[in-house]
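1. Structure of the sequence below:
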Amino acid sequence: MSKAKITFIGAGNMAASIIGGLVKKGYPADHITASDLLQDNLDRLQGEFGIIPQADNALAVKDADVVVLAVKPQVMKPVAEGLKAHLKADSLIISIAAGITIDSISQWIGDLAIVRCMPNTPALVQTGASGLYANAATSEAQKQSADEILSAVGIVEWLESEALLDPVTAVSGSGPAYYFLMMEAMIDAGVAQGLSRATATQLTLQTALGAAQLAQNSDVDVAELRRRVTSPKGTTEQAILSFERDGLRDTVSRAMQACTDRSIELAKELGE
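-> Numbering: from 1, shown residues only. So this is what the prediction gives:
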């Protein structure tokens, strides 16, 4: 993929994070173009990474081997339709817009190789998690290109069906917000018990980071890790028992199902 020309349509935070990850991994900045209506976004990316800015979408995609659609879902249809006449026949399209199906993109942009991706916001610090699905027109080489692009900002998981992008949205796409809410609650509880907000915040964030790293580097699953830190009749056990009595597992399950349901609804609404 080292010689492929990549164009980002949309130069917001997610596009900036992927561009930053690619450049940090040694991808040539002069092979990356970004197009956006906001000149400030283009100036920022050019100044920080040395990529090629372009205000005209048609010119931006004219020679692109890979086009990353990084615009808001609500404007995807007119943007895609505006690109259709200017894309190369062998271009790879990567969409990171939530709720827009491959069928919808194909109707607007044409019969091209399309990879649909559900990234998440930790991509901003190169610790993202992305679920990917490719249509039948996507070659193995193009799938590899998509993998390399998204791997620049975190891990990548390929899915067996496009429908699985809905539960991926519930797990990792929206998942950071669940952890932020838990952190909020822990910080507030720590403050209520007498800690300063600064101390409660530092301890909470470091604990979340440490728990995730411990789980990633462990040879046992998270349930076993929980058991190992939960001593019988100890302090942790009392907290876990309280969570279980209050139905934490059911609460999480209902929340994630609501997220998945909304993802399915959005696909219908935005694909019209």
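
2. buried sites along the strand or helix carrying residue 14?
-> Counting by DSSP states H and E, the element that carries residue 14 is helix 13-24. Going by neighbour count (16 or more other CB atoms under 10 Å), the buried part of helix 13-24 is 14, 15, 16, 17, 18, 19, 20, 21, 22, 23. To be clear about C-beta, it is placed using only N, CA and C from the backbone, and glycine gets the same treatment.

3. Kindly indicate whether the residue lying closest to residue 111 once chain neighbours are set aside is helix, strand or coil.
-> Closest residue to residue 111 apart from its sequence neighbours, by CB to CB, 6 or more residues apart in numbering: residue 137 at 6.5 Å. Assigned by DSSP: H, G, I helix; E, B strand; the rest coil, the conformation of residue 137 is coil.

4. Can you list the residue ranges for strands in this structure?
-> In the chain, the strands defined using DSSP state E lie at 6-9, 32-35, 52-54, 66-69, 92-95, 113-118, 128-134, 154-158.

5. Dump these to JSON lines, plus distance to residue 212.
-> Compiled in JSON lines, these are given as follows (distance: least, CB to CB, whole Å):
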{"stretch": "strand 6-9", "distance to residue 212": "29"}
{"stretch": "strand 32-35", "distance to residue 212": "30"}
{"stretch": "strand 52-54", "distance to residue 212": "36"}
{"stretch": "strand 66-69", "distance to residue 212": "27"}
{"stretch": "strand 92-95", "distance to residue 212": "27"}
{"stretch": "strand 113-118", "distance to residue 212": "20"}
{"stretch": "strand 128-134", "distance to residue 212": "11"}
{"stretch": "strand 154-158", "distance to residue 212": "12"}
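
6. So which of the ones you listed is nearest residue 242?
-> Among the strands of the chain, strand 128-134 comes nearest to residue 242, with 29.3 Å by CB to CB.

7. Quick one: mean pLDDT over the closest one.
-> In this model, strand 128-134 carries a mean pLDDT of 97.

8. just stretch 203-223 next, same as before
-> 97.

9. Send me that stretch as PDB with only the CA atoms.
-> C-alpha atoms of stretch 203-223 as PDB (Å, rounded to 0.1, in the frame of the first residue of the first chain):
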ATOM      1  CA  LEU A 203      -7.000   7.300  40.900                       C
ATOM      2  CA  THR A 204     -10.000   6.400  38.700                       C
ATOM      3  CA  LEU A 205      -8.300   7.100  35.400                       C
ATOM      4  CA  GLN A 206      -5.200   5.200  36.300                       C
ATOM      5  CA  THR A 207      -7.300   2.300  37.600                       C
ATOM      6  CA  ALA A 208      -9.200   2.100  34.400                       C
ATOM      7  CA  LEU A 209      -6.000   2.200  32.400                       C
ATOM      8  CA  GLY A 210      -4.300  -0.400  34.500                       C
ATOM      9  CA  ALA A 211      -7.300  -2.800  34.500                       C
ATOM     10  CA  ALA A 212      -7.500  -2.600  30.700                       C
ATOM     11  CA  GLN A 213      -3.800  -3.200  30.300                       C
ATOM     12  CA  LEU A 214      -3.900  -6.100  32.800                       C
ATOM     13  CA  ALA A 215      -6.700  -7.700  30.900                       C
ATOM     14  CA  GLN A 216      -5.000  -7.300  27.500                       C
ATOM     15  CA  ASN A 217      -1.800  -8.900  28.800                       C
ATOM     16  CA  SER A 218      -3.300 -11.700  30.800                       C
ATOM     17  CA  ASP A 219      -3.600 -15.300  29.700                       C
ATOM     18  CA  VAL A 220      -7.000 -15.600  31.500                       C
ATOM     19  CA  ASP A 221     -10.400 -14.000  30.700                       C
ATOM     20  CA  VAL A 222     -11.800 -11.000  32.500                       C
ATOM     21  CA  ALA A 223     -14.200 -13.100  34.600                       C
END
